[in-house]
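Colleague: give me coordinates for this.
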Amino acid sequence: MQTIGILLVRSTYYKTIGFDLYEGLRSGLQQLGRSDIRIVTENIGFGAEKQQCYRSAEKLLLEENADIVIAYIGHRTAQLLRPLFLAANKMLIVLDAGANLPQEWSVSPNVFYHSLHNALGAWLSSKQAVNDGYKKGGMVTNYYDGGYLQTYSLSKGFEDAGGTICFNHATGHIKEEFSMAPLKKHLDDFEDAAVLTLFSGDYMQWHFKEIKEHLNQDTPIYLSPFGFEETMLEEAIYPSNNTRGVAAWAKSIDNEENRIFIEAIEATGKTPNLFSLLSWESAQIALKALSLLKENKNNITKTAEALHTFEFTSPRGKITFHAKTNTSVSPMYNARIVPTENGMCQVELDGIIDSTTEEFEALAELELNTVTSSWFNSYTCI
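Modeller: Numbers count the residues shown, from 1 in each chain. Reported below is the predicted structural model:
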């Protein structure tokens, strides 16, 4: 029996994240007719403890004899695990929120990244703001979300499109320290400026409540993909008549794969979200990698070369791989926030973005120079 290991994380505001990741993988394998595959798990907390991540991965490889390992971690942690997987001649599939930018896109045949592309979405969203006519803008985030280099992709995307960052506002990371009130003065000082935001989890709910209380209802607000995470938006007050951006996925995507995914996850009594989606998709990647490893007699290099040309249709649309970075590239969507009947939020898609691959390549070529992040933990895991 073949074995897939998965490193599970925990989060204080996405409390079901570990269950979502596990169920997405289990249901995805079942949907593909592979309920015969054994899944073994290890918990790595918030993904920040390097030794814990290493020991857990080592246990899956040595004690559980996992044929392949899946992990919701970032690039920095993945690179720490790289020597282990090279020594074991096994493959690691990184489920990546895409909130950080690596200092270098270090490519190893043993490590592939399957991403939600939050930094790319922030890059695209800020460019969209300029295309919509907003030449002035301010980046608004919090101590936690702002610790990742998605801040750089957002500001750089806005500037490269012809905009100017005129102000920044970073809130505290607890509710008592969270306020959008200072934005009123910023927007008075810089008329017709767009608010370019980076928030996730509960922060989205706090952010929208504060926007509603302090700002004009026509204030232009632009969101990155985690700003469109629907389970949080269901409990968020509708903030503004001009809230839009770029989404990675939504329940309303109209394709057969999305319908099957949603029905499968809901049949388990769980709510489909970005995490169950990501691991559902990883089932296809893992099965393809296992098949290629068998075909190539466990030659990792040949397997990696074949994965570069692998593509499949997911609930998001067609997934391909970018060979220079070993990273999946998926469709992204222009989206907006519209009100529900009870004044809360829901996502409405405005169409697919055609240039995702080209934009990812441009983002991957950015020179970070002295720009850096010290965050090791998996994104949204605090």
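Colleague: burial measure for residue 141, as a count.
Modeller: Applying other Cβ atoms under 10 Å, we find 25 residues neighbouring residue 141. For glycine as for every other residue, the C-beta is placed from the backbone atoms N, C-alpha and C.
Colleague: quick check, it in contact with residue 172.
Modeller: No: with contact defined as Cβ atoms under 8 Å, residue 141 does not count as touching residue 172 (11.4 Å).
Colleague: enumerate every residue touching residue 266.
Modeller: Listed by Cβ atoms under 8 Å, 6 or more residues apart in numbering, the contact set of residue 266 reads residue 272.
Colleague: ramachandran angles for the closest residue to residue 302 other than its chain neighbours?
Modeller: Once flanking residues are discounted, residue 302 sits nearest to residue 296: 4.2 Å by Cβ to Cβ, 6 or more residues apart in numbering. The phi/psi pair for residue 296 (degrees, to the nearest 10) reads phi -100, psi 10.
Colleague: how near is residue 296 to residue 114?
Modeller: 20 Å (Cβ to Cβ, to the nearest Å).
Colleague: who has more neighbours out of those two?
Modeller: More crowded of residue 296 and residue 114, by other Cβ under 10 Å: residue 114, with 24 against 15.
Colleague: report the beta-bridge partners for the more buried one.
Modeller: residue 95 (DSSP bridges).
Colleague: state the mean pLDDT of stretch 290-303.
Modeller: For stretch 290-303, mean pLDDT rounds to 98.
Colleague: any idea how far apart the tips of that stretch sit?
Modeller: One end of stretch 290-303 to the other measures 9 Å (Cα to Cα, to the nearest Å).
Colleague: can you list contacts of it?
Modeller: Contacts for stretch 290-303 (Cβ under 8 Å, 6+ apart): 2, 67, 68, 89, 91, 109, 110, 289, 306, 307.
Colleague: the last one contacts residue 321, correct?
Modeller: Yes: assessed by Cβ under 8 Å, residue 307 is found in contact with residue 321 at 6.1 Å.
Colleague: now do the shared contacts for the two.
Modeller: Common neighbours of residue 307 and residue 321 (Cβ under 8 Å, 6+ apart) are residue 112.
Colleague: where do the helices sit along the protein?
Modeller: Listed in chain order, the helices of the chain (DSSP state H) span 17-31, 50-62, 75-88, 118-131, 150-160, 182-189, 202-214, 230-233, 256-267, 274-295, 300-307, 356-364.
Colleague: nearest to residue 244, out of those?
Modeller: Smallest distance to residue 244 across the helices of the chain (Cβ to Cβ): 7.4 Å, for helix 118-131.
Colleague: CA atoms of that closest one as CSV?
Modeller: C-alpha atoms of helix 118-131 as CSV (Å, rounded to 0.1, in the frame of the first residue of the first chain):
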residue,chain,number,x,y,z
ASN,A,118,-1.6,35.7,-2.2
ALA,A,119,1.4,37.9,-3.1
LEU,A,120,0.6,37.6,-6.8
GLY,A,121,-3.0,38.5,-6.1
ALA,A,122,-1.9,41.6,-4.2
TRP,A,123,0.4,42.5,-7.1
LEU,A,124,-2.5,42.1,-9.6
SER,A,125,-5.0,43.9,-7.3
SER,A,126,-2.8,47.0,-6.9
LYS,A,127,-2.3,47.1,-10.7
GLN,A,128,-6.0,46.9,-11.1
ALA,A,129,-6.4,49.9,-8.9
VAL,A,130,-4.2,52.0,-11.2
ASN,A,131,-6.1,50.7,-14.2
